[in-house]
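Visitor: With the sequence up front, the predicted model follows.
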Amino acid sequence: MSIEPSELNPIKALAKAAANQAYAPYSQFKVGAVLLTKSGEIISGCNVENVSYGLSNCAERTAIFTAIAQGVDPQSISKVVIYTPSDQVYSPCGACRQVLAEFLAPDTDIISTCETGFESWTVASLLPHAFHFDINEYRNKS
Ligand SMILES: O=c1ccn([C@H]2C[C@H](O)[C@@H](CO)O2)c(=O)[nH]1
Ligand SMILES: [Zn+2]
């Protein structure tokens, strides 16, 4: 287990509070995500939908983008805690996995909680064989 329930419960409460801020009039599925840094900073995000559905942003990406905008070093993030209003655990979508893989250390804990339980993974286990690209290396070869 990557986290004890006694440590998880207060962070889950913050993720639930973040979910309360969600703008989800189309799906009615309000998701929250909280990032914890090694030095104790807390950054949260929620899903923000759009009438052009494909423009919607998940809670996980909102939280990561907020951390970047606030100048937080994403490599200092040790845990991501997600809350979905459900009695089943949901794992992050493919778009969020690629964004998490871009910024977070591969061994960062991704913990998804719901009303009845939680499950945890690492960034690397959620997206094996992630797409990585070095523009300079590519230019030197061609
Ligand atoms: O891990 C997830 C899965 C879904 N959503 C959002 C996207 C959309 O707004 C709504 C329904 O898919 O939930 C998240 O924020 N995080
Ligand atoms: Zn997503």
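Guide: Received, thanks. Because the structure is predicted, anything quoted here is derived from the model rather than measured. Ligands and ions are numbered 1, 2, ... in the order given.

Visitor: which residues does residue 79 contact?
Guide: Counting by C-beta atoms under 8 Å, 6 or more residues apart in numbering, residue 79 touches 2-3, 11, 35-36, 108-111. (Each C-beta comes from the backbone N, C-alpha and C, glycine too.)

Visitor: three-state assignment of it?
Guide: Counting by DSSP: H, G, I helix; E, B strand; the rest coil, the backbone at residue 79 sits in strand.

Visitor: do you know how far it is from residue 24?
Guide: 24 Å (C-beta to C-beta, to the nearest Å).

Visitor: before we move on, what about residue 116?
Guide: Distance, residue 116 to residue 24, using C-beta to C-beta: 21 Å.

Visitor: Equivalent analysis for residue 58, please.
Guide: To residue 24, residue 58 is 10 Å away according to C-beta to C-beta.

Visitor: More neighbours: those two, which one.
Guide: residue 58 (22 against 17; other C-beta atoms under 10 Å).

Visitor: just checking, that one touches residue 97?
Guide: No: Residue 58 is beyond contact range of residue 97, at 10.4 Å (criterion: C-beta atoms under 8 Å).

Visitor: Could you list the contact residues of the protein toward ligand 1?
Guide: Where the chain comes near ligand 1, counting by C-beta under 6 Å from any ligand atom, the residues are 24, 27, 29, 31, 47, 49, 56, 58-60, 90, 92-93.

Visitor: Which PyMOL command selects the buried ones in the residues you listed?
Guide: What follows is the PyMOL syntax selecting those of the residues of the chain next to ligand 1 that are buried according to 16 or more other C-beta atoms under 10 Å:
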select buried, resi 24+31+47+49+56+58+59+60+92
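
Visitor: Narrow the residues of the chain next to ligand 1 to those in helices?
Guide: 59-60 (DSSP state H).

Visitor: residues touching the residue most central in space within the chain, list them.
Guide: Against the mean C-alpha coordinate of the chain, by C-alpha atoms, centre = their mean, the closest residue is residue 60 at 3.0 Å. With contact taken as C-beta under 8 Å, 6+ apart, residue 60 is in contact with 33, 45, 80, 82, 92, 96, 99-100.

Visitor: Nearest to residue 69 among these?
Guide: For the contacts of residue 60, the minimum distance to residue 69 (C-beta to C-beta) is 10.8 Å, reached by residue 45.
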